[in-house]
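In: no sequence on hand, only this structure:
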């Protein structure tokens, strides 16, 4: 069967049965679209890695319907985990906790911890509730590529690599970049991957101290990357280095009138939430437009911009080819 995009309401019953039968389903969350399989079925999870071309050393986030379902996958639900879950779930925060024996090693890259999240999206929550299984789901795209924020992005990225894929269409993702990942195994919250939800934290080691494997996805040096060579530069350097055939992603000026539209120039919102929600869609669009290079105006430092800067740092080429 070919890749199929189906409105979530029309395809939900089939998606539920597919998960129970050990098959893949792509579905929306508030962050990005995920490629899901029953997290307790190691053979089903293997299909995720094959479809994405994902290295086995990169662990997966497991999506659950509620805190009770999360605790069933955890060997030690710490007071910190309980506090963070109460504060941030359902939402774009993933908690790393010690895994229960029921969680297959393929999900955690062989590590002793598992990353858990309750998504804040009606389609994702309905899928989790009706299927009755935890769902391992990284972003629904080929490994290292730009994460998908629409159903069509999923089809464009994975259509040639999965013989039979059902994509539940729930519209564009509201947050637009991946969740904040927090180590909740101890007494202090430690952020392993920044996101659009800010959590007070201490510096963290992204590797498991016992096994030396990654506790969280999103740690690879190259990730979230377009096929086109991509560079993050100051506005001044973009004006200096721009040449014919380049595509540019810049921030709109807060409060300024709309700028004239130029070919291959995309203006994103000036605020971090609007920028994040539009970023991956902009990268998909400009990457498929035939430009020779993508030049991205460097975003500000601090606060929620740090999560955006993290994603852009993993998308850029090693150096500017002038």
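Out: Nice, thanks for sending it over. Computed from a predicted structure; not experimentally measured.
In: would you mark the buried spots in the lengthiest helix in the chain?
Out: In the chain, with assignment by DSSP state H, the single longest helix is helix 272-287. Within helix 272-287, the residues scored as buried using 16 or more other CB atoms under 10 Å are 272, 275-284, 286-287. Placement of C-beta: from N, CA and C, glycine included.
In: which secondary structure elements does that helix contact?
Out: In this structure, helix 272-287 packs against helix 151-158, strand 246-251, strand 265-268, strand 293-297, helix 305-313, with contacts taken as 3 or more CB pairs under 8 Å, 6 or more residues apart in numbering; DSSP states H and E.
In: the ones you listed: which one's closest to residue 50?
Out: Closest of these to residue 50 is helix 151-158, at 10.9 Å (criterion: CB to CB).
In: tell me the helix or strand right after the closest one.
Out: Using DSSP states H and E, the helix or strand that follows helix 151-158 in sequence is strand 166-169.
In: that older thread, chain center to the longest helix of the chain: distance?
Out: Relative to its chain's centre, helix 272-287 lies at 13 Å (CA atoms, centre = their mean, to the nearest Å).
In: next one: stretch 81-99
Out: Relative to the centre of its chain, stretch 81-99 is centred 16 Å away, using CA atoms, centre = their mean.
In: this structure: helices as residue ranges?
Out: Assigned by DSSP H, the helices in the chain fall at 8-20, 42-52, 67-71, 79-88, 122-131, 151-158, 235-241, 272-287, 305-313.
In: highest mean neighbour count out of these?
Out: A comparison of the helices of the chain by mean neighbour count, using mean count of other CB atoms under 10 Å, puts helix 151-158 on top with a mean of 23.
In: and that one, what other elements does it pack with?
Out: Contacts defined by 3+ CB pairs under 8 Å, 6+ apart place helix 151-158 against strand 4-7, strand 25-27, strand 166-169, helix 272-287.
In: I'd like these as a markdown table, with distance to residue 16 and mean pLDDT appended.
Out: Output for the helices and strands packed on helix 151-158, formatted as a markdown table (distance: least, CB to CB, whole Å; pLDDT from 0 to 100):
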| stretch | distance to residue 16 | mean pLDDT |
| --- | --- | --- |
| strand 4-7 | 13 | 97 |
| strand 25-27 | 9 | 98 |
| strand 166-169 | 10 | 98 |
| helix 272-287 | 27 | 96 |
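In: dump these to a markdown table, plus distance to residue 235.
Out: Formatted as a markdown table, the helices and strands packed on helix 151-158 follow (distance: least, CB to CB, whole Å):
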| stretch | distance to residue 235 |
| --- | --- |
| strand 4-7 | 37 |
| strand 25-27 | 36 |
| strand 166-169 | 36 |
| helix 272-287 | 15 |
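In: which among those is found nearest to residue 230?
Out: helix 272-287 (7.9 Å).
In: and that closest one with helix 151-158, angle?
Out: Put simply, helix 272-287 runs at 50 degrees to helix 151-158, going by axes from the mean of the first three to the mean of the last three CA atoms, to 10 degrees.
In: of the helices and strands packed on helix 151-158, which is nearest residue 128?
Out: strand 25-27 (9.3 Å).
In: ok, the closest one: who's next to it in the sheet?
Out: strand 34-38 (antiparallel), strand 166-169 (parallel) (DSSP bridges).
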